[in-house]
Structure formats: structure tokens, C-alpha cells
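**Student:** Below are the sequence and a predicted model; questions follow.
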Amino acid sequence: MNNIVVIGGGAAGFFAAISCAEANPELNVLLLEKGKDVLGKVLISGGGRCNVTHACFDPKELATYYPRGAKELLGPFHKFQPGDTMEWFADRGVELKIEADNRVFPVTDSSSTIADCLIEMAEAAGVEVRTSSGVKAFSQAEDGTWQILTTSGESLVADKLMVAPGSSKGIWDQLKKAGHKIVPPVPSLFTFNIKDPRIKGLSGISLPYATVQVASSDLEASGPLLITHWGLSGPAVLRLSAWGARELNDRFYRFPILVNWIGRDEDVVVSEFLREKKESGKKRIGNHTQYEVPLRLWKSMVAAAGIPNTATWGDISSKQIKALAGELCSAVYQVTGKSTFKEEFVTAGGVDLKDVNFKTFSSRVVPNLFFAGEILNIDGITGGFNFQAAWTGGFLAGNAMAGYPLD
């Protein structure tokens with residue numbers, strides 16, 4: 001019999017299996033992955049560099065980056081937080097670096113460094129990893145053991161079961177049968193589809209600090225903003241999509257947004273433009289960008305404000321100045337859909353957090369059942385926060401399954 005079976009070969013599942021096996025080498029730990037390969041999201045995250053975590057070492061502040069799960073993660077973060085994650089990898093020979101925006105990556109800038117480390121540590125700890133081994137069903141026997149049926153027809157028995165397959169309708173359905181409440185999943189971390197002549201042909205242009213707000217809503221986020229072939233992306237949009245995951249789903253991903261490209265007060269910009277008109281009246285507006293806006297985008301804004309490209313500051317009226325300031329600070333764009341952010345699909349939804357004991361990441365509904373990762377109704381904004389929730393949950397659950405829960 002397998003003492004421990006872990007469903008899911010992602011970050012949370014691997015970390016739980018390794019933590020369990022390292023804490024209690026006497027246990028037999030089996031990890032099942034339905035795909036042909038393990039750690040798929042680890043390998044593609046951060047553009048193939050793997051954004052391991054975020055350099056935020058205050059648990060209270062760290063929890064604020066989670067639209068769902070902030071309250072529940074506060075206690076666990078006091079036991080295992082980004083500093084612990086960085087130390088864990090460093091102790092196993094993986095050197096990490098903190099970039100200017102506090103995202104943490106391996107110094108190799110290669111996600112395979114992280115994946116290889118996890119695979120090596122699992123092997124060293126004696127974890128058996130089986131790929132192409134999906135789980136068709138699981139149920140608990142009267143003696144408390146778990147009966148697990150794989151998609152290949154194999155029957156397994158385990159003392160304890162860890163469920164960490166990411167977003168999985170099939171597994172959620174099994175958990176419903178076991179008595180758990182499942183919060184319906186909706187996409188999180190997505191980009192905005194926008195067809196607007198003002199940004200057509202400007203793909204690749206980015207602004208370092210912008211603010212994006214859903215019109216007639218409190219939903220607002222700031223950060224770098226990127227124009228793409230399909231619309232807008234970048235941290236500002238991704239943060240907004242995370243915080244607004246359910247509301248934007250209810251709107252069928254069709255809503256107007258207000259974009260402040262430069263993150264400055266519009267009235268102040270009007271005043272500065274009026275001063276520019278007075279002091280630099282002969283300067284051509286279209287040839288000299290303001291606020292370090294990329295020139296092609298600036299020219300588009302000038303045209304959208306109804307100002308000829310050949311006009312000088314002295315030529316334009318106060319009305320045109322206000323229109324230009326509006327294009328910079330409060331331009332309205334219509335979102336007509338969403339696109340998945342690269343291949344890093346994240347959902348809001350999953351096992352209801354009231355059903356989970358977050359001291360051990362165990363079920364409050366049935367004994368000897370544990371969770372970690374995206375199967376839970378927990379998600380963070382972009383920047384390494386989702387991985388940190390996976391490491392934390394996997395570590396605490398792994399130690400608890402080993403019989404050594406963290407105090």
C-alpha cells in the first residue's frame with residue numbers, strides 16, 4: 001500500500017510530495033500526473049524563466065496580493081513565506097535573484113533549473129513519480145483509507161490523499177461527491193481584447209506606469225501597460241483581471257475602461273500643457289512627445305485629440321489641450337473580450353476555503369484528505385504570488401501528511 005498518494009505533478013503536488021518524503025523517509029509517497037510530463041506551468045512561467053516567488057517578506061503585506069485567499073493564507077505565510085522558499089532552493093543548489101520589480105527568478109533565467117531541482121529532490125527523497133496516470137475516481141473506505149482508480153484501470157490504496165491537480169473539473173466533481181463545496185471557476189489573469197484605431201499598429205509599445213479602471217466601477221489597477229496585437233496587457237491589466245475576475249465574467253468580458261497612460265492627474269497635465277503653449281508656442285506638437293510617451297503613441301493621441309500633426313503649441317485652443325490631456329489621462333476604450341495570458345492559465349474558484357483547515361491544508365469535511373495549489377479557491381495577481389501559494393500549501397500539507405505538522 002502507498003502511504004501517501006499525490007494527485008498532480010505541478011508545483012504544489014511536487015512540493016507536497018518532496019516535503020512529505022523528506023520529513024518522514026519511512027513513508028511510501030506516490031505522485032500521479034495525467035500528462036506525459038510534469039511541472040508544465042513551472043516550465044512556461046515567466047516567459048520560460050520561472051517567476052519562483054515575489055520578494056515580499058511580510059506575511060501581512062504578502063496576503064494583500066491575493067484577491068481570493070488573503071485571510072486564509074495569512075497564518076500559513078507566517079510558517080512558510082517567500083524567504084523560506086528562496087532558502088529552500090538555495091539549500092538545494094539553486095541560486096535565485098531579485099529583480100527590480102521584486103519578482104524572483106533563478107540566476108540562470110531558465111525555468112528548467114527549477115523543474116530539474118524539484119525532479120531531483122523528489123527522486124532523492126524516494127518519491128515515485130508516474131506520468132500518463134490520470135485519476136478517474138477516488139473514494140474513502142470505512143477504515144479511512146483511500147481507494148483510487150486511475151484512468152488506466154489500476155486500483156491504488158493510500159492512507160492519505162493529496163489533491164493538487166490544478167484546475168480540474170473531473171477532480172472537482174469527485175470532491176463534490178465527497179461532500180465538498182466547489183466555488184464555480186472563472187478565468188483570472190487575462191488580457192483585454194480591444195479594437196480601437198488609436199492603438200492599431202502599435203503592438204509592442206509599453207508605458208512604465210499607467211492606471212486602468214473599469215468605468216463606473218471601483219475596479220482599478222496600476223503598473224506597466226503593454227499594447228498588443230489584440231488589445232492591452234501588462235501588469236496593470238493582469239492585476240485588474242485578477243481582482244475583477246468574477247465581476248468581469250458577469251459582464252461577459254464586455255465593458256469600457258478608462259486608461260491613464262502616464263498615471264498623472266489630468267488637471268495638472270492641462271496646466272502643464274497651457275504653460276507649454278505659452279513658453280514653446282512655435283514647437284510642433286506631433287514631433288515632440290511629452291511625459292516620455294513613445295512617439296508613435298503620442299502621435300496617435302495628438303490625432304485623436306483633433307490636432308493636426310503639423311500644429312504648434314501656439315496654434316491649438318484650450319479645448320484641444322483638454323482633449324489631448326484626456327487622451328493621456330482618461331481615454332475610454334471598449335473591451336470586447338479576453339485572451340489567456342500567454343499559457344499561464346489561472347482560475348478563480350475551486351474548493352470552498354471554509355472546507356479547509358489551513359494549519360495543515362487538510363479537509364474539514366473528510367479525514368486524511370489534503371489540498372494545495374489551484375484546486376483551492378485561491379489565486380494571486382501576477383508576479384510570483386500563485387507559485388508562492390503553491391509552495392506554502394505544499395510544504396504545510398506535506399509535513400502534516402508526514403505526521404509532523406508545523407506549529
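**Tutor:** In hand now; what should we look at?
**Student:** Identify the residue spatially nearest to residue 340, adjacent ones excluded.
**Tutor:** With C-beta to C-beta, 6 or more residues apart in numbering as the criterion, residue 340 has its nearest non-adjacent residue at 5.9 Å, and that residue is residue 190. Backbone N, C-alpha and C define where each C-beta goes, glycine included.
**Student:** State the distance from that neighbour to residue 240.
**Tutor:** 10 Å (C-beta to C-beta, to the nearest Å).
**Student:** ok, now residue 18?
**Tutor:** Distance of residue 18 to residue 240, given as C-beta to C-beta: 35 Å.
**Student:** Which one's more surrounded, these two?
**Tutor:** Between residue 18 and residue 240, residue 18 has the larger neighbour count (other C-beta atoms under 10 Å), namely 29 against 26.
**Student:** can you list contacts of the helix or strand hosting that one?
**Tutor:** Taking DSSP states H and E as the definition, residue 18 sits inside helix 11-23. Contacts with helix 11-23, where a contact means C-beta atoms under 8 Å, 6 or more residues apart in numbering, come from 4, 6-7, 27, 29, 31, 33, 38-39, 41-42, 118-119, 121-122, 125-127, 129, 162, 164-165, 370, 372-374, 387, 390-391, 393-395, 397-399, 401-404.
**Student:** what is the mean pLDDT for it?
**Tutor:** On average, the pLDDT along helix 11-23 is 98.
**Student:** what does stretch 269-287 give?
**Tutor:** Averaging pLDDT along stretch 269-287 gives 95.
**Student:** what distance separates the start and the end of it?
**Tutor:** Counting by C-alpha to C-alpha, to the nearest Å, you get 18 Å between the two ends of stretch 269-287.
**Student:** now do stretch 135-151
**Tutor:** End-to-end span of stretch 135-151 (C-alpha to C-alpha): 6 Å.
**Student:** Give me the buried positions along that stretch.
**Tutor:** Of all the residues in stretch 135-151, those buried under the rule 16 or more other C-beta atoms under 10 Å are 135, 138, 146, 148, 150.
**Student:** go on, stretch 86-105?
**Tutor:** Buried positions in stretch 86-105, judged by neighbour count with 16+ other C-beta under 10 Å: 86, 88-89, 94, 96, 103-105.
**Student:** name the element the closest residue to residue 210 other than its chain neighbours belongs to?
**Tutor:** Counting by C-beta to C-beta, 6+ apart, the nearest residue to residue 210 once its immediate chain neighbours are dropped is residue 225, at 3.8 Å. In the assignment (DSSP H and E), residue 225 maps to strand 220-227.
**Student:** What mean pLDDT does the helix or strand just after that strand get?
**Tutor:** Downstream of strand 220-227, the first helix or strand assigned by DSSP H and E is strand 231-233. Strand 231-233 carries an average pLDDT of 97.
**Student:** Next: stretch 196-206.
**Tutor:** Mean pLDDT, computed over stretch 196-206, is 98.
**Student:** Please compute how far that stretch lies from its chain's middle.
**Tutor:** Distance, stretch centre to chain centre, for stretch 196-206: 25 Å (C-alpha atoms, centre = their mean, to the nearest Å).
**Student:** And the contacts of that stretch?
**Tutor:** So stretch 196-206 is in contact with 224-229, 231-232, 234, 294, 296-297, 300-301, 304, 327, 331, 333-334, going by C-beta under 8 Å, 6+ apart.
**Student:** can you pull the buried residues of it?
**Tutor:** Under 16+ other C-beta under 10 Å, the buried positions of stretch 196-206 are 198-199, 205.
**Student:** From these, pick the one nearest residue 220.
**Tutor:** Comparing those against residue 220 with C-beta to C-beta places residue 199 closest, at 19.8 Å.
**Student:** And what about the closest one, helix, strand or coil?
**Tutor:** coil (DSSP: H, G, I helix; E, B strand; the rest coil).
**Student:** roughly how far apart are it and residue 280?
**Tutor:** The gap separating residue 199 from residue 280 is 27 Å, by C-beta to C-beta.
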